[in-house]
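Asker: got a sequence here, can you build the structure:
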Amino acid sequence: MRRRSVRNLVRVLAVAITAVGALALTACDPPTPDNDAFYTPPDPLPSVPAGAILRSRPSTFTLDPVGKVPVPGVTSTQILYRSTSATGQPNAVSGTVLVPTTPWLGFGKRPLVTFGVGTRGLGDQCAPSYTLANGVDYEGLFIKGLLDLGWAVVVSDYEGLGTPGVHTYVVGQSEGRALLDAARAAQQLPGSGLASDGPVGIMGYSQGGGAAGWAAQLESTYAPELNVKGTVAGGVPGDLEAVAEFGDGTPFVAFALMAALGIDSAYPDLDLTPYLNAKGQQLVSESDDVCLVSVDGISTMFQTAFSTRSEYTTSDPLATPAWQARLRENKLGGTKPAAPVYQFHGIVDEIVPYGQARDLRRTWCNKGANVTWATLPGEHVTAMVEGYPGGVTWLGNRFLGLPTFGNCILP
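Answerer: A predicted model of the protein is given here:
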């Protein structure tokens, strides 16, 4: 079992090392978000509705990390918009709006996909608005595929990724709102050509799958004016407690560390620091601003591989009522998504356990949701690739207005 885990770790890191090689070629890149005034919100934050654009500027969408040649036929605009934190407080989130320049000739109005990215890390330089503009985003090709269909795409950086503060990694209450407000902002962007009542799709994998699931649950109460046609959510970490237990002692303990820091950032009342021993404090100080796809990020993965939470803590925060309550607040399944959902998962996923995703599907089905569930043969990385075509086809049919009846009747 451990030998297979090592192979899985090598597979994940091979993808990261390829991207790190690309990053090394970008010495002339613009300043990273932490050194770019665009990402610093106005102080005080204006009293504007959620989804309102605070500022915007032209950007580039490129798959070329060397020459930065823009993807043809796409306008790219970076935005800073108003959203809402996990505790209900107004905040500012950055992102990117991508719109094809060719006229929309399809059915109805041009669709918009609000796209939740997968795990990037905690450093501001991991923000998708930065990586998409520099040709080093590992989901760039997936996003281009959506644009090639004529759909517009808005990519949120989530809370604290780019903007000041620690990224609220895997905190669904924050991430779901960030995706919905990104859609609102894209439809308000001058010159985007997007109608306020145009069709909206929600899409994401892994961390993005959790964000998409939360956006699907929150949409009917938080952003009921959005014309959401469906949600594609893959590799969903719907139960953070189950994900943490599954990953303890595996090659992917670093993800649990990021989750602890993200939850601590979203809920300052939790105060992670007293639970950390000297080793844990050192690890946090070295890792709270790194990207997964970086030399430091890869080093952290190797450094923590096969370790357990107990090696970094004096006592387990996940065993306390306060932490358990916040984790339950971010457990998917409490509300039925109003629009249909396409949920997929790799049956041998070694990072986000299959069982808790299957349980989420059944919970949603029992609440009366319209869910199409797909089990794929791959692990976490390959399932992302395997699940993409089916999810895109399914979402395209929702944009066409075709009915879907789901497969909740299946076990």
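Asker: can you tell me what sits against stretch 107-115?
Answerer: 99, 104, 139, 143, 146, 150-156, 179-180, 182-183, 186-187, 193-195, 197-204, 208, 215, 229, 395, 399-401 (Cβ atoms under 8 Å, 6 or more residues apart in numbering). Heads up, the C-betas are built off the backbone N, CA and C, glycines and all.
Asker: element containing Thr77, please.
Answerer: Using DSSP states H and E, Thr77 falls within strand 74-84.
Asker: what is the rounded mean pLDDT of that strand?
Answerer: Strand 74-84 carries an average pLDDT of 98.
Asker: adjacent strands (with direction) for that strand?
Answerer: Applying DSSP bridges, strand 74-84 is found paired with strand 53-59 (antiparallel), strand 90-100 (antiparallel).
Asker: coming back round to it: pull out the buried members of the contacts of stretch 107-115.
Answerer: Buried members of the contacts of stretch 107-115, counted by 16 or more other Cβ atoms under 10 Å: 99, 104, 139, 143, 146, 150-156, 179-180, 182-183, 186-187, 193-194, 198-204, 208, 215, 229, 395, 399.
Asker: look at the closest residue to Thr382 other than its chain neighbours and report its pLDDT.
Answerer: Among residues not flanking Thr382 along the chain, Gly346 sits closest, at 6.7 Å (Cβ to Cβ, 6 or more residues apart in numbering). Note on Gly346: pLDDT of 98.
Asker: same question for Val12.
Answerer: Val12 is assigned a predicted lDDT (pLDDT) of 40.
Asker: just the element for Lys331, please.
Answerer: Using DSSP H and E, no helix or strand contains Lys331.
Asker: tell me which residues touch it, please.
Answerer: By Cβ under 8 Å, 6+ apart, the neighbours of Lys331 are 238-241.
Asker: buried stuff in stretch 96-113?
Answerer: 96-100, 104, 109-113.
Asker: thinking again about what came up before, which one of the strands paired with strand 74-84 lies closest to Phe246?
Answerer: strand 90-100 (29.1 Å; Cβ to Cβ).
Asker: what's the spacing between that closest one and its chain's center?
Answerer: The chain centre lies 13 Å from the centre of strand 90-100; the measure is Cα atoms, centre = their mean, to the nearest Å.
Asker: now that strand: average pLDDT?
Answerer: Across strand 90-100, pLDDT averages out at 98.
Asker: use 27 as the first number from now on
Answerer: Renumbered: residue one is now 27, and that last one reads strand 116-126.
Asker: dump the C-alpha coordinates for it into CSV.
Answerer: Extracted in CSV, the C-alpha atoms of strand 116-126 (Å, rounded to 0.1, in the frame of the first residue of the first chain):
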residue,chain,number,x,y,z
PRO,A,116,-18.1,41.9,3.6
ASN,A,117,-14.7,41.2,2.0
ALA,A,118,-12.9,41.8,-1.3
VAL,A,119,-11.9,39.0,-3.7
SER,A,120,-9.9,39.1,-6.9
GLY,A,121,-10.5,37.1,-10.1
THR,A,122,-10.4,37.1,-13.9
VAL,A,123,-13.2,37.5,-16.4
LEU,A,124,-12.6,35.8,-19.8
VAL,A,125,-14.9,36.4,-22.7
PRO,A,126,-14.6,35.1,-26.4
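Asker: circling back: which of the buried ones among the contacts of stretch 133-141 fall within helices?
Answerer: Members of the buried ones among the contacts of stretch 133-141 lying in helices (criterion: DSSP state H): 169, 172, 205-206, 208-209, 212-213, 234, 241, 421, 425.
Asker: which element is the closest residue to Val258 other than its chain neighbours on?
Answerer: For Val258, ignoring the flanking residues on the chain, the nearest one in space by Cβ to Cβ, 6+ apart is Gly417 at 3.8 Å. Assigned by DSSP H and E, Gly417 falls within helix 406-425.
Asker: off-centre distance for that helix?
Answerer: Counting by Cα atoms, centre = their mean, helix 406-425 comes out at 16 Å from the chain centroid.
Asker: mind listing what's buried in that helix?
Answerer: 406-407, 409-410, 412-414, 416-418, 420-425.
Asker: cool, and stretch 188-205?
Answerer: 188-189, 192-205.
Asker: check stretch 357-370 too.
Answerer: 357-359, 361-370.
Asker: and which of these is nearest to Thr66?
Answerer: Out of those, the member with the shortest distance to Thr66 (by Cβ to Cβ) is Leu358, at 32.3 Å.
Asker: any idea how far the closest one is from Ile228?
Answerer: Plainly put, Leu358 is 13 Å away from Ile228 if you go by Cβ to Cβ, to the nearest Å.
Asker: one more: Gly359?
Answerer: Distance, Gly359 to Ile228, by Cβ to Cβ: 17 Å.
Asker: pretty sure Gln243 is touching Leu358, no?
Answerer: Yes. With contact defined as Cβ atoms under 8 Å, Gln243 counts as touching Leu358 (6.7 Å).
Asker: and the two most separated of the buried residues of stretch 357-370?
Answerer: Lys357 and Pro366 (21.5 Å).
Asker: could you point out the helix or strand that follows the helix or strand encompassing Thr140?
Answerer: Secondary structure assignment for Thr140, by DSSP H and E: strand 138-142. Counting by DSSP H and E, the next helix or strand C-terminal to strand 138-142 is helix 154-157.
Asker: tell me which strands and helices that next one is in contact with?
Answerer: The helices and strands touching helix 154-157, judged by 3 or more Cβ pairs under 8 Å, 6 or more residues apart in numbering; DSSP states H and E, are strand 116-126, strand 178-182.
Asker: and of the ones you listed, who's closest to Thr86?
Answerer: Among the helices and strands packed on helix 154-157, strand 116-126 sits nearest to Thr86 (Cβ to Cβ), with 9.8 Å.
Asker: got the angle between the closest one and strand 138-142?
Answerer: 120 degrees (axes from the mean of the first three to the mean of the last three Cα atoms, to 10 degrees).
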